[in-house]
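> model the following, please.
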Amino acid sequence: MKDILSDIIAYKRIEVERQKAAVPANALQQTIENLTTARFVSMKQSLAASDTGIIAEFKRRSPSKDWIHAKAKAEDVCPAYERAGAAALSILTDQRFFGGTMADLQTARACVDLPLLRKDFVIDSYQLLQARVCGANAVLLIAACLSPEEIITLAGQAHTLGLEVLLEVHTPEELVCVGPHIDMLGVNNRHLGSFHTDVRHSFDMVEALAALPSLPDPPLLIAESGISDAQTVKQLRRAGYRGFLIGETFMRSPHPGEALATLVQSLNDERV
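Below is the predicted model:
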């Protein structure tokens, strides 16, 4: 079976070095120092306070499904997501495999007040600087492509930049990476090697999550991928999840914001 994650990370290492050559890290750091101090927007707090907890994702393609919504524009989709009731947005910035760009993140920041997650394969602190410059509030760290030591280092650097950290895991073994440096913990229902998706995986992980050592400020739990209906969101919330990252379900619609609004309405109807 083809290991898609290995291909992505191999290319990402080349890509980051090219980006560093084009715009050195010290130039990004200088830009950050010159930024007007922005109001801190906590993705974790936004999800905890939300009735829906939906993280609506902006992406154009997937390695497993090819193009999903090739002509989607962040300036159209992101405000529509905000109006429809998203608690936060996830912006894909990987171009080669997901059709995203850093410009999409910048555009989203200019269009909405919601917390923004930079969704990418972070392997270098340089990418954290990029995220901060482009207006992200949080970054994704993936346990499958980082060592526990790398996660601790990158999480600390992210916090120094004012970015929250969402750690993504797929197996119980990866939970050793969880600690006080993690703000949010995502269980990905998609295996990043094969890209096979099964939403039941979030439920299968509940016992392992419950066995995590107690922390003074435990990470907020997020279920990622394969979620498409209100009933599943409701069941996941009962299981302890407070964030629900949904992308393809919305982006396959000609009008992603309307697809989100329909799901939000279904969630509201469930509570009546």
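> for stretch 26-44, give the distance from the opening residue to the closing one.
Using C-alpha to C-alpha, to the nearest Å, one end of stretch 26-44 lies 29 Å from the other.
> and Ala103, what does it touch?
Shown in contact with Ala103 (C-beta atoms under 8 Å, 6 or more residues apart in numbering): Ala74. Backbone N, C-alpha and C define where each C-beta goes, glycine included.
> what's the answer for the one 10 residues further on, then?
Applying C-beta under 8 Å, 6+ apart, one finds that Asp113 lies in contact with Val41, Glu82.
> what does the pLDDT read for it?
Looking at Asp113, its pLDDT reads 96.
> equivalent analysis for Lys2, please.
54.
> do the same with Glu270
Predicted confidence (pLDDT) for Glu270: 65.
> ok, longest helix in the protein?
helix 4-22 (DSSP state H).
> and it, what's buried?
With burial defined by 16 or more other C-beta atoms under 10 Å, the residues of helix 4-22 counted as buried are Ile4, Leu5, Ile8, Ile9, Lys12, Glu15, Val16, Gln19.
> tell me if I'm right that the third one and Gln95 touch.
Looking back up the chat, that one is Ile8. No: counting by C-beta atoms under 8 Å, Ile8 sits too far from Gln95 to count as a contact (11.6 Å).
> which residues touch Asp229?
By C-beta under 8 Å, 6+ apart, the contact list for Asp229 reads Leu263, Ser266.
> next one: Cys177
Taking C-beta under 8 Å, 6+ apart, we find Cys177 in contact with Ala143, Leu146, Pro148, Ile151, Leu167, Val169.
> for the fifth one, report the pLDDT, please.
Confidence per residue is given as pLDDT, and for Leu167 that number is 98.
> the third one too?
At Pro148, the pLDDT value in this model is 96.
> distance of the nearest residue to it once chain neighbours are set aside from Arg118?
Leaving out its chain neighbours, the residue that sits closest to Pro148 by C-beta to C-beta, 6 or more residues apart in numbering is Cys177, at 4.9 Å. Distance from Cys177 to Arg118, counting by C-beta to C-beta, to the nearest Å: 19 Å.
> show me where the stretch 101-250 of the chain dips below the pLDDT cut-off.
192-194 (pLDDT under 70).
> now do the helices in it.
102-111, 125-133, 148-160, 200-204, 206-210, 230-238, 248-251 (DSSP state H, counting those that start in this stretch).
> same list, those, but as CSV with distance to Tyr81 please.
Below are the helices of the stretch 101-250 of the chain laid out as CSV (distance: least, C-beta to C-beta, whole Å):
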stretch, distance to Tyr81
helix 102-111, 9
helix 125-133, 19
helix 148-160, 24
helix 200-204, 22
helix 206-210, 28
helix 230-238, 16
helix 248-251, 8
